[in-house]
Each structure stands twice: as structure tokens, then as C-alpha cells.
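[1] quick one: sequence and predicted model below, then my questions.
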Amino acid sequence: MEKLFSIKKIGLIVSLLAFSIMPAQINYIVFKVEGKPIYKQNDTLISITKGSVINTNSQLTIKNEDSVLLINETGNLLTIDKTGEYAFSDLKNIPAEEDDSSFTKKYFTYVWKQFTNTNQARSKGGVVYRVDNNTLMFQPTDSVKIYFPEVRFVWKKGKEKDQIYYFILKDLKTNNITKIGTTDNNITLFVDNNVLKRNNSYEWTVSETKYPNLDAVSFYNFELINTEEFKKLQSEINNITTDLQKLGFNSEEIKTMLCDDYHICY
């Protein structure tokens, strides 16, 4: 009996070791969508959007004029643009995009991590959002570096047409708070060294309450970088831009991608 127990114990250890050295399943995240492709996830049909996770339970349906660009955790790109049904096992037979520049890899690996963190939190279409009194903050997204001469803040309005929203901006250097009431869903502030100053960091939120408890409200933060810091980033931005252009993205698409996904807005 004791010998049998030892054999079972050894077998269990061997099984655990074998399981531990098996390669982890690599999922894909949708980065770009054209047309109206869908995928089946556990017998449920879902529209494919930016940020959708494609895993072993997924089956993609690509129709005429549909195209999906996928990324994995190593920064590799996969384009699916031929009509057909694709099980997860079919994806490994599709060759990855040839561009393997270190800058492209770095960019898409970073994007993968951002999407992964987003999907672990509440997410919608790959964009992280936080909720305060059922108001969604859209732009600028959280933790971005901004080199614009102005900053446009955008949020989603509720059903009530004349609802007043209170835009709240906090200067993290001085702790000064600026509050603006409006019935609109956006506000534009200029970097004029009054409310907004370069080389400074801020937090912002929107509330339906005039005097919310700021300790209980979710904020987005952003940094207004100066010309010197932007120049330090410019070399990397230019290299990433060149690589993405080779992959077929145009200049405006790339600037939007860098702002939304790489958190550098200029």
C-alpha cells in the first residue's frame, strides 16, 4: 500500500511538472477592424471591435470587405482579410506581418499590455473608463502625455437634455481646483499658463453633483509636457511612425493610435 502511494505521488509530481512546462496559450487582441466582422464566443455571436479578445473559444467570420488586425503579447501582427470561418487553431497557419522592427515590437507589446489591463478592469471597445454618477469620461484618456496647445475634454451625456455637468480640474502641483458647470458634453481649455501650464500634471473628472466628495470620485490624470521633453520622445515617435507607415497606416491614423494606445498626444 505504501509503495502504491509512493508511485501515485511520483505520478502526480510528474504530471504537475509536465503541466508547468507546457507553453502558455497565446490569445490575440483585436487592434483594428474594417467592415462588420463577427465572432462566436461560447455559442454567442458578437461583433468584433477594437479590444475584443480572441481565444481558444473564438471562431471568426470574415465576409467581403471585412478585415481584422490582431496582435499578441509578443507584439506580432496578424491580418485576416479573406472571406471564411476561422477557428482559433487556424490562426497559427496565417503568417504574421513581416515588419519586426524593435520599435514596432515595443509599441504593440505596450498596446497589448494596455488592452490586457483594460479587459481586466471595466472596458468598452478597448478604452478604459471610470464612472461617476453614470457619466463616462472619454477624452483625454487616463495617464497620457499631451503636447497640444489646447486640451479638449469629452464625456458622455445622459438622457436628460438639460442636465448640468460639473467639469472638475485639479492642478497636482498646487492642488488648486477649477470647476465649470455646463450642459454640454465637452470643454476646451488652452495651455496659456493660466489654468493649464506646461511641465505640469493634472487630474480631471465630471460629476452630475455640484459639490461631490472628491475623495470618492474617480479621476483621470494627464501631463502637459514641454518642448524639451517632447523632443526627447520625438526620435522614438518618428521610428514608430515610419514602421507603422510600412504596415499601411496613414499619418492621421498613427497620431490617433499613439494618443489612444501609446498615451502620447501631439
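    Sure thing, it's come through.

[2] the closest residue to residue 220 other than its chain neighbours in helix, strand or coil?
    Closest residue to residue 220 in three dimensions, ignoring its sequence neighbours and counting by CB to CB, 6 or more residues apart in numbering: residue 142, at 4.4 Å. C-beta here means a position set from N, CA and C on the backbone, and glycine is covered the same way. Assigned by DSSP: H, G, I helix; E, B strand; the rest coil, the conformation of residue 142 is coil.

[3] so residue 142 touches residue 221, yeah?
    Yes: distance between residue 142 and residue 221: 6.5 Å, which falls inside the contact criterion (CB atoms under 8 Å).

[4] of those two, who's got more company?
    Neighbour tally, residue 142 and residue 221, criterion other CB atoms under 10 Å: the higher count belongs to residue 142, 17 against 14.

[5] quick one: that one from residue 158, how far?
    21 Å (CB to CB, to the nearest Å).

[6] also residue 205?
    Relative to residue 158, residue 205 is positioned 15 Å away (criterion: CB to CB).

[7] where does this protein have low pLDDT?
    Across the chain, the stretches falling below the confidence threshold (pLDDT under 70) are 1-26, 99-100, 118-135.

[8] now the helices for it?
    Residue ranges of the helices in the chain, as given by DSSP state H, are 2-21, 88-91, 102-120, 227-246, 251-261.

[9] could you dump the third one to CSV, C-alpha only?
    To tie it back to what came earlier, the one meant is helix 102-120. The C-alpha trace of helix 102-120 is given here as CSV (Å, rounded to 0.1, in the frame of the first residue of the first chain):
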residue,chain,number,x,y,z
SER,A,102,12.2,46.7,-32.4
PHE,A,103,10.2,49.9,-32.3
THR,A,104,7.1,48.2,-33.8
LYS,A,105,7.5,45.3,-31.3
LYS,A,106,7.9,47.7,-28.4
TYR,A,107,4.8,49.7,-29.5
PHE,A,108,2.5,46.7,-30.0
THR,A,109,3.8,44.9,-26.9
TYR,A,110,2.9,48.1,-24.9
VAL,A,111,-0.5,48.2,-26.6
TRP,A,112,-1.1,44.5,-25.7
LYS,A,113,-0.4,45.3,-22.0
GLN,A,114,-2.8,48.3,-22.1
PHE,A,115,-5.6,46.2,-23.6
THR,A,116,-4.9,43.3,-21.2
ASN,A,117,-5.2,45.7,-18.2
THR,A,118,-8.3,47.2,-19.7
ASN,A,119,-10.0,43.9,-20.1
GLN,A,120,-9.2,43.0,-16.5
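
[10] for it, packing partners?
    With contacts defined as 3 or more CB pairs under 8 Å, 6 or more residues apart in numbering; DSSP states H and E, helix 102-120 has these neighbours: strand 28-34, strand 67-71, strand 127-128, helix 227-246, helix 251-261.
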